[in-house]
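> need a structure here:
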Amino acid sequence: MAQIYSKVASHPQAFTPIQKPPQRTFHQLHDESGRPIIKRLMIANRGEIACRIISTCRKLNITSIAVYSDPQVHLPNKIPFILIDLCRDTQSLHVKQADQSIPLGAIDGPEGNPHQNIKLLIKIALAHNVDAIHPGYGYLSENAEFSRQVRDAGIIFLGPSPISMAVLGDKRSAKQYLLKHAPEIPLIPGYNGPEQTVDRLLIESDRIGFPILIKASAGGGGKGMRIVRQREHLKDELGRAQSEAQRSFGSSDCILERYIQRSKHVEIQILGDCHGTVVSLMDRECSIQRRHQKVIEEAPSPWLKPALRQRMSATAISIGKLLGYESAGTVEFIVDIDTEEFFFLEVNTRIQVEHPITEETTGVDIVGLQIFVASGGCLEDSGYFRNGNAPQIGHAIECRLCAEDPSRDFMPDLGFVRQWKPALQILPSAQTEDVRFETGIATGSEVSIYFDSLLAKIVVWAPTRSHAIEKMARMLAYTVCIGVRSNQSFLQSCLLHPDFQNPNYSTSFIPDLLPILIQNPYVDNPAQIQESLSFLPSMIRREINLPATRRRRPFRNLPQNFRNQKADPASIQVDVVQIPTQPAKTIIVEWPFTRTVGAFRLVNILPISRMEAQKSIEKDSEREVKPSVQLAQSYNEISSHVRQLHNQNRSKPKNHRVTLDIQKTDTFEESKIRSWDLHDLYVSIDFQEYRVFIVNEVSAANSDVGSHQRFFAHVPALGTYIEYNLFSLLTYGESLRQKLGTTTTTSDKSPKAPMPCKVLTVVKKNGDRVKVGEIAVVVESMKMEMNILVAAEGIFNTNMTKGQAVEEGVVLFTIS
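Below you'll find the predicted structure:
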């Protein structure tokens, strides 16, 4: 392990090495027969947290039992087949890793999500002789009734008692309890009462003062949370918060709090046993949030002073001791940066998503500790905790890699993960020491409408915060996640921004800096690199992805479409490349007849603006020019440039020298009719070398005329991947024919579903006159609520109904 040294205060010239604490395993107790108390453990959850729990089960020789939803779903609204395919859970990583896996039934059946069906889960646990159930996080993890019924069935629940969960797990009841039993604990001014009418909440909001924060009383994770800055917006925002809270936690109750403008979100991890001991595993900072959901966490908080840290830790322990708290829990605080005052927020009566950074800095397995105390273990006897606190060494950071598009207000994405290759599999071991990837995905996994958008948690430990930041940025840059949009580049922008280097950052870090954070963190002009590497799809198709029959033919070393009449313009070797993120350009990639110069290939890359051609088409559309004429004009825009490539009377384009060095090739079969080639390679252009990971669609012999071949290129130098569409001249011409006539403005008046989703609310009524910016329809996908806004003034009309499931691209409403 590489060692970092710190100065010892009493000896200015002396240095001591900072080493990561070794992870300590707490073995559970045994029964009278000498066998462990917990032998078979069922995980009432899925995804990465299920995989995390399975990992500890393996270390402790406990049989792990996973649950999953069936591939067939209940289709009350006749959802198209594509949605059935996307909700498949049978191939999830947690199902493959567990010792045993049990189906729960349809994910969208008449009785709702089976992961939230208490009777079903307990029935399955009893039928399979389960000793204990771990709820993970989300779903039923903070449901006191679930905890009670599990215990009543004679099964160990790896979580706090039903009483602790009922009192502390609900924000409203927790604050009311603390006001009565521990008035010394500071609370944010707010309203925690049972009356939930709009009139009552308006009165309380006026008393508290705007801006206020609406929060779901029964849960967390940003669900049911809204900032309201003006009184007139309270009613609408309250309705949406209550709706989201009901769907997420089974209760629509909300609380109100004063919104502190410059604040930090700091939490203390606690753990209690059945002997009355409650200890602190110290602090985490979770101030980097979008939509009130954490995306970057670090431990310890770089801002907290030692005295404040100790006071907050002592407060968290005292809260846990009030009810004899057992198992893992997190006490969350909001800290006013200007006054350094801290206020109690809530207690999460479950394991947290971000628990790994605490494990990294304290050297304990929190899941293992949950099993230890559930079996009757005593924390005081462990000899690990000093004065109720765990030691903290070094610094750890966690980033949540999510399937979402930060440039589109973090709208979630779904589809196939066509390649998943964490940095652990790419970089040398010396660079990936003390790095964890916690994920429930693999190459070929499906990101579904029915589950959370979290793809993976990336966790790093380093002796210092600055080293941890640099290590995390490198892990993100060298992690290949192709197939769905993600926040990968955005996370790197956050880490490398100067304001993050300053520990004084607040919870408004992302909202304040969003326009900057969605830019590439490494290069000022990523479009230039995208263009310079646009030869890659063409080169790979011409030199690598050749049919096996052609490889055995005579003259197989000649380039594709070879002509020996070099002077004939028709013999020019040309492909057309488009970059979806640069819709205004088309790129011509031409391979001159001089095949090589030493070890290099020569290539010409000619970007052409499509703006003028598009304006010409739109102008002709207005004049009702025949479609065939519009098509000819569009195609001539490209073909004229091709013909002029080697016109003796014009200046010749610059030749680029390129090389391609394939390291490894694999194949991913998405379905029986579609597969993808995966290439790990080095490429250079004009002596500038890049490491690149390519995923390209394998062209079928019977591909539709006019179709293109899709290429994805993950470039660590950019920290993300580039998407390319590759055409031959023929298929490009046919693609123009297919697109002809689509340049209309109807999309403004007929907005479509951005992805498969469910209609939650139709806000407007048929016949209503609407204005631009008003909310017309509210939909939900991947546990995230989205407002569909009016983009054109007019009369509203829709066929959508509440609860209706719709496919991506379906028109949600029209404006006439």
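
> what's the distance between Pro194 and Ile188?
Per C-beta to C-beta, to the nearest Å, Pro194 is found 19 Å from Ile188. (Each C-beta comes from the backbone N, C-alpha and C, glycine too.)

> more crowded one of these two?
For the pair Pro194 and Ile188, the greater number of neighbours falls to Ile188 (22 against 10), based on other C-beta atoms under 10 Å.

> Return the residues in contact with the more buried one.
Glu257, Arg258, Ile260, Ile334, Phe343, Phe344, Leu345 (C-beta atoms under 8 Å, 6 or more residues apart in numbering).

> Let me see the backbone angles for it.
phi -70, psi 140 (degrees, to the nearest 10).

> and what of Asn766?
Dihedral angles for Asn766 - degrees, to the nearest 10 - are phi -60, psi 130.

> Look up the closest residue to it, ignoring the ones flanking it.
Asn797 (5.1 Å; C-beta to C-beta, 6 or more residues apart in numbering).

> what's the distance between the one you found and Cys399?
44 Å.

> Which of those two has more residues huddled nearby?
For Asn797 versus Cys399, neighbours defined as other C-beta under 10 Å are more numerous around Cys399 (27 against 14).

> picking that back up, and which of the contacts of Ile188 is nearest to His115?
Leu345 (26.3 Å; C-beta to C-beta).

> Just to be sure, the closest one is in a strand?
Yes: per DSSP: H, G, I helix; E, B strand; the rest coil, Leu345 lies within a strand segment.

> just to confirm, which helix or strand has the residue nearest to it when sequence neighbours are not counted in it?
Leaving out its chain neighbours, the residue that sits closest to Leu345 by C-beta to C-beta, 6+ apart is Glu332, at 4.2 Å. Assigned by DSSP states H and E, Glu332 belongs to strand 327-336.

> try Val95
Assessed by DSSP H and E, Val95 sits inside helix 93-97.

> contact partners of that helix?
Looking at what lies outside helix 93-97 - C-beta under 8 Å, 6+ apart - the contacts are 43, 46-48, 50-51, 54, 64, 66, 68, 89, 101, 439-442, 445.

> One more pass at 7 Å, please.
With contact meaning C-beta atoms under 7 Å, 6 or more residues apart in numbering, helix 93-97 is reached by Arg46, Gly47, Ala50, Cys51, Ile54, Ala66, Tyr68, Asp89, Ser101, Gly440, Ile441, Ala442.

> and what of stretch 457-472?
4, 18, 20, 48, 302, 353, 356-357, 360, 394-401, 434-438, 475-476, 495.

> For the contacts of Ile188, give me CSV that also has distance to Pro716, neighbour count and pLDDT.
Below are those laid out as CSV (distance: C-beta to C-beta, whole Å; neighbours: other C-beta atoms under 10 Å; pLDDT from 0 to 100):
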residue, distance to Pro716, neighbour count, pLDDT
Glu257, 42, 21, 86
Arg258, 44, 18, 87
Ile260, 39, 21, 88
Ile334, 37, 23, 95
Phe343, 42, 19, 95
Phe344, 43, 22, 95
Leu345, 38, 21, 91
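
> still on that earlier bit, for the residue nearest to Leu345, give me its contacts.
His265, Glu267, Leu345, Glu346, Asn348.

> And it, how far from Met225?
Relative to Met225, and taking C-beta to C-beta, Glu332 is found at 13 Å.

> Can you report phi and psi for Ser639?
phi -60, psi -30.

> who's in contact with it?
Counted by C-beta under 7 Å, 6+ apart, Ser639 has zero contacts.

> circling back to that earlier point, would you check that my belief about the residue nearest to Asn766 contacting Val811 is correct?
No: using C-beta atoms under 7 Å, Asn797 is not in contact with Val811, being 10.4 Å away.

> Could you turn the buried ones of the contacts of stretch 457-472 into a ChimeraX selection?
Of the contacts of stretch 457-472, the buried ones go into a single ChimeraX selection, burial set by 16 or more other C-beta atoms under 10 Å:
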select :18,20,48,302,353,356,357,360,394,395,396,397,398,399,400,401,434,435,436,437,438,475,476,495
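
> Which ones among the contacts of stretch 457-472 lie within strands?
4, 18, 395-401, 435-438 (DSSP state E).

> what's the most distant pair in those residues?
Farthest pair in the ones in strands among the contacts of stretch 457-472, by C-beta to C-beta: Ile18 and Leu401, 27.6 Å.

> hey, where'd the strands end up in the stretch 1-150 of the chain?
4-8, 11-18, 40-43, 63-70, 100-106, 132-134 (DSSP state E, counting those that start in this stretch).

> weakest of the ones you listed by average pLDDT?
In terms of average pLDDT, strand 4-8 trails the rest of these, at a mean of 45.

> what about stretch 786-806, average pLDDT?
89.

> same question but for stretch 386-402, I mixed them up
95.

> Can I get it in CSV? Just the C-alpha atoms.
The C-alpha coordinates for stretch 386-402 follow below in CSV (Å, rounded to 0.1, in the frame of the first residue of the first chain):
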residue,chain,number,x,y,z
ARG,A,386,-13.6,4.2,22.6
ASN,A,387,-16.0,6.4,24.7
GLY,A,388,-18.8,5.2,22.4
ASN,A,389,-17.0,6.4,19.2
ALA,A,390,-15.3,4.5,16.4
PRO,A,391,-11.9,5.9,15.3
GLN,A,392,-11.8,7.7,11.9
ILE,A,393,-8.8,7.3,9.7
GLY,A,394,-8.2,8.9,6.3
HIS,A,395,-10.9,10.1,3.9
ALA,A,396,-13.5,8.3,1.9
ILE,A,397,-15.8,9.6,-0.9
GLU,A,398,-18.8,7.9,-2.6
CYS,A,399,-20.3,8.8,-5.9
ARG,A,400,-23.7,7.6,-7.0
LEU,A,401,-23.6,6.7,-10.7
CYS,A,402,-27.2,7.1,-11.9
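
> now it, how far from the centre of its chain.
22 Å (C-alpha atoms, centre = their mean, to the nearest Å).

> for stretch 517-529, same thing?
So, by C-alpha atoms, centre = their mean, the centroid of stretch 517-529 is 21 Å from its chain's centroid.

> mind checking the end-to-end distance for that stretch?
Using C-alpha to C-alpha, to the nearest Å, the end-to-end distance of stretch 517-529 comes out at 19 Å.

> SS state for Asp206?
Asp206 ends up helix, using three-state DSSP.

> State the distance from it to Val167.
Asp206 sits 29 Å away from Val167, going by C-beta to C-beta.

> ok, now Ala390?
Remark: distance between Ala390 and Val167 (C-beta to C-beta) = 25 Å.

> Kindly report the same for Leu496.
In terms of C-beta to C-beta, Leu496 sits 43 Å off from Val167.

> higher neighbour count, the two?
Val167 (21 against 17).

> Which helix or which strand is home to the more buried one?
helix 162-168.

> Against which helices or strands is that helix packed?
Secondary-structure packing of helix 162-168 (3 or more C-beta pairs under 7 Å, 6 or more residues apart in numbering; DSSP states H and E): helix 144-152, helix 171-181.
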